[in-house]
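A.B. asks: requesting a structural model of the entry that follows:
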Amino acid sequence: MAMIKKQETVDVSWFDPESGVLLLDERVAESPEFRAIMVDGVVSDAELLDYGTRVIELLKKLDRELPPSLHKQVGDALLALAVLHGLQIQHANQKGGGSHGCI
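C.D. replies: Numbers count the residues shown, from 1 in each chain. Prediction:
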């Protein structure tokens with residue numbers, strides 16, 4: 001199992017300034033945590049569980065620390081991103097005829 005080193009990231013725009021495209025894939029590919037997990041090309045159960053725990057910790061921190069004026073807005077954005085992810089998985093399964101990652 002790869003050790004995940006928590007690193008602070010510089011706050012940068014989520015979008016390309018010229019095209020307006022969300023840079024999520026690029027940010028994932030540059031993530032030291034993603035690279036450490038993917039070094040062997042396999043995501044183990046333990047790595048997935050460990051990273052899931054990290055995500056929950058980050059979300060709990062946001063839940064506690066966000067000012068009320070941003071709490072609902074960030075929650076709505078996270079939910080929309082999760083729904084988009086679920087739809088992308090479902091769409092890929094429909095195209096590929098598989099059921100991997102089905103929700």
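
A.B. asks: look at A29 and tell me its secondary structure.
C.D. replies: Assigned by DSSP: H, G, I helix; E, B strand; the rest coil, the conformation of A29 is helix.

A.B. asks: per-residue pLDDT, it?
C.D. replies: We have a pLDDT of 93 for A29.

A.B. asks: OK, contacts around it?
C.D. replies: For A29, no contacting residues are found, by C-beta atoms under 8 Å, 6 or more residues apart in numbering. C-betas here are computed from N, CA, C, even on glycine.

A.B. asks: and it, how close does it get to E18?
C.D. replies: Taking C-beta to C-beta, to the nearest Å as the measure, A29 falls 19 Å from E18.

A.B. asks: go on, V43?
C.D. replies: On the measure of C-beta to C-beta, V43 and E18 end up 33 Å apart.

A.B. asks: same question for Q90.
C.D. replies: 31 Å.

A.B. asks: ok, the two, which is more surrounded?
C.D. replies: Between Q90 and E18, counting by other C-beta atoms under 10 Å, Q90 is the more crowded of the two (14 against 6).
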